[in-house]
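>>> Starting from these lines, generate the structure:
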Amino acid sequence: MRRWFLMVLAGSALLLAGHPAHAAPIFELDITVNNTDNSVRFFDNVSDMFDGLTQQQISAALPSYTSTSPLNVTLNFRGLPMTVTAAPNSPVMRLQIPAIGVDLTFNGGSRDASQTQLEDWFKKNGGDTLSRLMKKLAESTAIDPIAGNPNSAMAQAVSGDFSRGFLTTASNLRADTQAAASTTTSVGEKNANTMSLAARFGYLSQGGIKSQSISLPLGYTVRFQDPQQTFSISLPITMVDVEGSRSYSAGLGLGYSHPLTKYWIITPALGYTVTGSPDMGSAGQVVSGSLTSSYTVPLGQYQISMGNMAGYYRTLRLSIAGYSFDPQIENYVLRNGLMFYLPTGFLIKDTGLEIFGIDTRYLGDALFIDSYEEVGLSFGRTKVKRKTVGDQIRNVLTDVRVGVSYIFASGSHGFTANLGYSF
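Numbers count the residues shown, from 1 in each chain. Sure, this is the predicted structure:
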């Protein structure tokens, strides 16, 4: 029985981690010259797409093109349609983005110089109009690195805050409560601080586009005399690959968990996340504040826990790799979950299985995905041991855990697999 259970769990994690991704265009140019000749090109890098508008690149695909030819280009910019046109015998390039009412012309004296001006507008010269474009991308496309989907920097910050204030808290609460019931507090007894290391792999299909993510959340927790009172620091690092276009993010999270009763803990938290993607032409910062409640009902050997979080998340301007953006996205987030604990000592001593369901909802600026659900399970061992260090007794908490989950929403679904160790 035990061997069968572990084989199924390990096999599920391997299956999720090995889920294939299929190529789909992130950037696309549909070019027509002389009103007759046509070429369609796909890119996974925004700089390469802009280079595709130069005379050299267009002429390589369509030899009939000259600097005086009529030019009509339809752009697919991460799912948002745009057009670039040039009239016969004119160096002027005209950019139109119907979704945000943009109609601009660029005149550099030659088409290549006009193309450079157009590219610079997208990178740093667009001002408030560019901010509106970034906000529109989070609203209307499935793969924005900053917000609007479960792989975005804002969603990763939401997930980290809730995990720290509920999932981790409920697991540690059970171990600390069991340890307190089986030991007698001594003079000089102290709760040891903990370090946590983890790895997480995610796969998502969002609006028909596949993405994979790898996260390395690092953390440190200070445990006070009351083991339910803690101060935690988290340093998550994430890489997301969307059909070959990569984005990177790093964050800092601070949380203080305070017990109101033996089984009820609240955790106010502050967070900061920075994300950038030269490939996607995107960059931003996310600041946040949240309050999470974790309430546990023991049922003999079993346990039901309820988590409720309310948070505020806002983007700020960031300049990176020649790009400067301020998406001005502001959202209030509600995240609620239930978790059922089942002891599995019949398999391995001091282990348990946690089964959970989580609902997430964004209220504020419009996003492509403003609500999603997650169901999953986590199997591991969480235990507190008393160790003598000099003339002190230290309660040392250790936790080893492997888990899988399924995320689903309108137009999006995917899996995650994670492994974590705290000591």
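
>>> what about this protein, any weak spots by pLDDT?
Applying pLDDT under 70 to the chain flags residues 1-24, 172-188, 321, 390-391.

>>> mind listing what the residue lying farthest from the centre of it touches?
The C-alpha centroid of the chain is most remote from residue 89, which lies 47.0 Å away (Cα atoms, centre = their mean). Contacts for residue 89 were tallied using Cβ atoms under 8 Å, 6 or more residues apart in numbering; they are residue 68. For glycine as for every other residue, the C-beta is placed from the backbone atoms N, C-alpha and C.

>>> Repeat that for residue 25.
Residue 25 touches 42-43, 76, 243, counting by Cβ under 8 Å, 6+ apart.

>>> cool, residue 276 as well?
Each residue near residue 276 by Cβ under 8 Å, 6+ apart is listed here: 145, 247-249, 282-284, 318, 320-321, 323.

>>> how about 10 Å then?
The neighbourhood of residue 276, defined by Cβ atoms under 10 Å, 6 or more residues apart in numbering, consists of 145-146, 153, 247-250, 282-285, 318-321, 323, 325.

>>> Same check on residue 41?
Taking Cβ under 10 Å, 6+ apart, we find residue 41 in contact with 25, 27-31, 48-49, 52, 57-58, 61.

>>> Now the strand or helix carrying residue 287 - C-alpha only, PDB.
Per DSSP states H and E, residue 287 falls inside strand 282-299. Below are the C-alpha coordinates for strand 282-299, written out as PDB (Å, rounded to 0.1, in the frame of the first residue of the first chain):
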ATOM      1  CA  SER A 282       7.700  44.600 -20.600                       C
ATOM      2  CA  ALA A 283       8.800  45.700 -17.200                       C
ATOM      3  CA  GLY A 284       7.200  46.700 -13.900                       C
ATOM      4  CA  GLN A 285       7.200  46.700 -10.100                       C
ATOM      5  CA  VAL A 286       4.400  45.400  -7.900                       C
ATOM      6  CA  VAL A 287       3.900  46.600  -4.300                       C
ATOM      7  CA  SER A 288       1.400  44.900  -2.000                       C
ATOM      8  CA  GLY A 289      -0.200  44.700   1.400                       C
ATOM      9  CA  SER A 290      -2.400  41.900   2.600                       C
ATOM     10  CA  LEU A 291      -4.100  40.400   5.700                       C
ATOM     11  CA  THR A 292      -4.600  36.600   5.900                       C
ATOM     12  CA  SER A 293      -6.700  34.700   8.400                       C
ATOM     13  CA  SER A 294      -6.000  31.000   9.100                       C
ATOM     14  CA  TYR A 295      -8.600  29.200  11.300                       C
ATOM     15  CA  THR A 296      -8.300  25.500  12.100                       C
ATOM     16  CA  VAL A 297     -10.900  23.000  13.400                       C
ATOM     17  CA  PRO A 298      -9.300  19.800  14.800                       C
ATOM     18  CA  LEU A 299     -11.400  16.600  14.300                       C
END
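
>>> next structured bit after that strand?
Sequence order places strand 302-316 as the next helix or strand after strand 282-299, per DSSP H and E.

>>> and the next element down the chain from that following strand?
Next along the chain after strand 302-316, taking DSSP H and E as the criterion, comes strand 318-320.

>>> Distance from that next one to the middle of the chain?
Strand 318-320 sits 19 Å away from the centroid of its parent chain (Cα atoms, centre = their mean, to the nearest Å).

>>> coming back round to it: now a ChimeraX select for only the buried ones of the contacts of residue 276.
Here is the ChimeraX command that picks out the buried ones among the contacts of residue 276, judged by 16 or more other Cβ atoms under 10 Å:
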select :145,146,153,247,248,249,282,283,284,285,318,320,323,325
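
>>> can you list the domains in the protein?
9-17+144-422, 27-140 (automatic domain parsing).

>>> what separates residue 267 from residue 164, distance-wise?
According to Cβ to Cβ, to the nearest Å, residue 267 and residue 164 sit 7 Å apart.

>>> same question, residue 412
From residue 412 across to residue 164, the span is 24 Å (Cβ to Cβ).

>>> Can you show me the helices along the stretch 151-300 of the chain?
Remark: helices assigned in the stretch 151-300 of the chain by DSSP state H, counting those that start in this stretch are 153-162, 168-182.

>>> Just the endpoints, please. Distance across stretch 39-58?
Across stretch 39-58, the terminal residues are separated by 9 Å (Cα to Cα, to the nearest Å).

>>> so of the domains of the chain, which one's packed in deepest?
Greatest average neighbour count among these goes to domain 9-17+144-422 (a mean of 19), per mean count of other Cβ atoms under 10 Å.

>>> Strands of the stretch 151-300 of the chain, start to end?
189-191, 194-206, 209-223, 230-242, 245-261, 264-277, 282-299 (DSSP state E, counting those that start in this stretch).

>>> and the first one, which strands flank it?
Read it as strand 189-191. With DSSP bridges as the test, strand 189-191 is paired with strand 392-409 (parallel).

>>> related to what we said a few turns ago, redo the strands of the stretch 151-300 of the chain as TSV? Include distance to residue 96.
Converted to TSV, the strands of the stretch 151-300 of the chain look like this (distance: least, Cβ to Cβ, whole Å):
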stretch	distance to residue 96
strand 189-191	62
strand 194-206	26
strand 209-223	24
strand 230-242	26
strand 245-261	24
strand 264-277	25
strand 282-299	21
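
>>> residue contacts, residue 130?
Shown in contact with residue 130 (Cβ under 10 Å, 6+ apart): 100, 102, 121-124, 323-327.

>>> Would you mind naming the helix or strand containing it?
Assigned by DSSP H and E, residue 130 belongs to helix 127-140.

>>> And residue 375, by the same measure?
Per DSSP H and E: residue 375 is located in strand 371-389.
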